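# here's my sequence, what's the structure:
(chains A and B)
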Amino acid sequence: MYSIDSLVFTNCEFEGLSKLAGNRTVAALPFWGKYRMIDFPLSNLAWNEITTIGIITPYKYRSIIDHVGSGKPWGLDRKIGGLHILPGTVWGYSNANSRFILKDIENNKIFLDRSSADYVLITAANTVSAVDYADLVKHHHDSKADMTIVYKVAESNNEYMSEVRMSKDKVTSMHHGVKKGQPMFLDCFVINRRTLYNLLKYYKAINFMDLFDILGSEFNKMDVRAYEYEDYSYSIFTEKQYFDANMDLLCEEKYAKLMLEGRTILTKQHDHMPTKFVEGCEVKRSIVQDGSLIEGAVENSIISSNVIIERGAKVTNSIIFQGCVIEAGAKVDHAIIDRRNVVNKRVSIKGTKGNPFVMGKAQK
Amino acid sequence: MKKKKCIAMLLAGGQGSRLGSLTKQIAKPAVSFGGKYRIIDFSLSNCATSHIDTVGVLTQYRPMMLNAYIGNGASWDLDGPDGGVFILPPYETEKGGNWYKGTADAIYRNLDFIKANDPEYVLIISGDHIYNMDYRRMLNTHTGHKADLTISVMPVPIEEASRFGIITANETKRIEKFTEKPKNPDSNLASMGIYIFSTDVLIDALERDAENPDSKHDFGMNVIPMLLGEGKRLFAHKFKGYWKDVGTIQSYYDTNMEFLDDENPAKIYKKYEKLVMTNNVQSPAKYIGESAKIENALVSNGCIVLGTVKHSILSPGCYVGKGAVVEDSILLPGAKVKDGAKVIKTIMGEGSVVETGASIGTGAEIETIGDNAKVTAKGAR
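Numbers count the residues shown, from 1 in each chain, chains lettered A, B, ... in the order given. So this is what the prediction gives:
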């Protein structure tokens, strides 16, 4: 028998997402028309019955708190365990691309003090995956290691993720940037609660640093193992990656695989009307969320809730966020239109596949 | 705790036998409606938006789905610290057990619940109407008239009046006559089956009605005529909004389609969106496929549409396969129309399937497929 608590880190900022994740942390970024990024780790924890969870919040925490609330959709409003909101430091705001700042754990050490868990599962919230957490923790437990990190063989080069170097089954070092075919760290790991304590104590003087920056000198002292994940995952650091990951779902086979495998992705509930498709609308190969009104043409796109696509408007290869209105005759192609924007009559917006146009959240 | 002004008693025990196969397995209030709702959503949402925080739900016929759906009432904000939803089924006493014999009997047997809450007024509603109503306005009418009982009424076409409980009221809205389903109606004001009683009047009336061996223990047939005969202060509250009874297959179908056919869809959206709360299933946004053709339809989340959908309503989790055609139909949650199948003017029950290449419906009469039933290419069910 062993027990697990979890820490979900949302205190990070990425330059490549400045237009979409300027005022909201990447964890609160809408995804697949209905979800927010944090729904993926939270649902995954719920599937695996991990019910004591701390969320390290970012400096700008309004949107993430608004979304998770009391944690009810994930079964976290409970008497035993449940959701703990843990304030993050301002460093997440300034340290570009840092995911696991030691100081964030140090400041919330009371979460670990009050816990009796053997292990802590730590994950970032900018990765969509379905890692089997229960299997991961079991693997970690059986190996008697100090720490087990999740990796995946990189499908393409990625300058933001880290390469994992191993000797037999032990991790020997990690390096920023990963090339296609190399083992890539998925920003998710399990660590013994005691080990984490020791690291916090030892590195107290430099705890403004990322956990993985200080681990460099620990790999030869600690027993760090690796756990391979082979299924679907997508990590988001840039607008292009965000665009591609969303568009991925528009493939019929992938939609069926990702959405209907008996593992429902849990999210905050809204009482929207079903989508109304008006006579004369043309919708193809698209995801549409409840609460929208479709009068015009939509193809290869993701439409969120409360969107109105007026007659004669045309939306192709785009992601339209909640509350937008695409007026009659407007054209939107290869674009990400953030919340509550109105694309006026006869306006044409055009990005490209490699460089989608991004319209930030409307200031109203 | 503050003394309660008004609690609601929601009658949800009826079978709704006129809905045929739709209520074979579930109680009428739990039947899916308008895509992602269930009929009871409308009454419970009205309670929530009218700031009524205590609702007793009287159940009897096939209550499993209904009970599960209502849960602790959180979906309608009815899980507050000083109220909530209370499921009230028939129960046994030391004198034995009985089913609820009528609407008045159902309330009578739960007078303990009313007395424990000790409200000034009791609102009695049913869980099988589609409407938007602020009960606070009706309560104002009731207190303004210092009434013993207020009945919500709305005008209906005079030729349809013989289907309803018809009310004749004077200029001050005081009720002079109440006739259940009159042959020759002399008024077009129909009772909507929504009552507000002053609590002491209700308790007294029900206790006396319970002792009357000739009574059928029904509000419309027995209790209201009794109070009227005694010269109690009965008043009508005229309601001007949207109210529909969905008691028959035809009216259920027509009312669903009204949601779809509204000339100004954006308006109906705004009208309902803020008001109707529902216990959503968690399902992903719907997927519309490459070869899909979809026109004049309400489609809920979790649906996959690969074929043609015209003038139809799809509830959560429905599937329309490649080359399949769905027209003038209502698909209840989880209904599946497989590749190449054809569904015309049909209400498909929850989890029902029309197999590959099969077809149902001619467009003349409304067809229904029971919950979890299958229609194969040979036509067998």
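
# CA atoms for contacts and neighbours, from now on please.
Fine.

# where does the stretch 151-300 of chain A come near chain B, residue by residue?
Within the stretch 151-300 of chain A, the positions lying close to chain B (Cα under 8 Å from any Cα of the partner chain) are A:250, A:252, A:255, A:259, A:264-267, A:269-291, A:293.

# among those residues, which are located in helices?
Judged by DSSP state H, the subset of these located in helices is A:E252, A:Y255, A:M259.

# got a list of what A:N107 touches?
Counting by Cα atoms under 8 Å, 6 or more residues apart in numbering or on different chains, A:N107 touches A:G88.

# for it, give me the pLDDT.
For A:N107, the pLDDT comes out at 94.

# repeat that for the one 10 residues further on.
Note for A:A117: predicted pLDDT of 96.

# quick one on the thing from earlier: buried ones among the ones in helices among the residues of the stretch 151-300 of chain A next to chain B?
Burial by neighbour count, judged by 16 or more other Cα atoms under 10 Å in any protein chain shown, picks out A:E252, A:Y255, A:M259 from those.

# distance-wise, check the second one relative to B:P284.
Which is A:Y255. Separation of A:Y255 from B:P284 (Cα to Cα, to the nearest Å): 10 Å.

# ok, now which ones touch the residue most central in space within chain A?
With distances taken as Cα atoms, centre = their mean, the residue of chain A nearest its centroid is A:N126 (2.9 Å). The contact partners of A:N126, by Cα under 8 Å, 6+ apart, come to A:V26, A:A27, A:M37, A:I38, A:S235, A:I236, A:F237.

# can you tell me which of those residues lies nearest to chain B?
Nearest to chain B among the contacts of A:N126: A:M37, at 14.0 Å, using Cα to the nearest Cα.

# my guess is the closest one contacts A:S129, does it?
No. Contact criterion Cα atoms under 8 Å: A:M37 and A:S129 do not qualify, at 10.4 Å.

# more neighbours, the two?
Ranked by neighbour count (other Cα atoms under 10 Å in any protein chain shown), A:M37 and A:S129 place A:M37 first, with 23 against 17.

# now the residue nearest the centre of chain B: how far from A:N126?
For chain B, the residue sitting closest to the mean C-alpha position, by Cα atoms, centre = their mean, is B:D128 at 1.9 Å. As judged by Cα to Cα, B:D128 and A:N126 stand 45 Å apart.

# report the closest residue of the stretch 101-250 of chain A relative to chain B.
A:L250 (7.9 Å).

# what about that residue, how many neighbours?
Neighbours of A:L250 using other Cα under 10 Å come to 24.

# per-residue confidence, it, what does it come out as?
Value listed for A:L250 in the pLDDT field: 93.

# how is chain A divided into domains?
What the record gives for chain A is the domain set A:4-258, A:276-359, from automatic domain parsing.

# can you tell me which of those is most buried?
Greatest average neighbour count among the domains of chain A goes to domain A:276-359 (a mean of 23), per mean count of other Cα atoms under 10 Å in any protein chain shown.

# between the two ends of it, how far is it?
25 Å.

# which parts of the stretch 151-300 of chain A are helices?
Per DSSP state H, counting those that start in this stretch, the stretch 151-300 of chain A carries helices over the ranges A:193-202, A:211-214, A:239-247, A:252-259.
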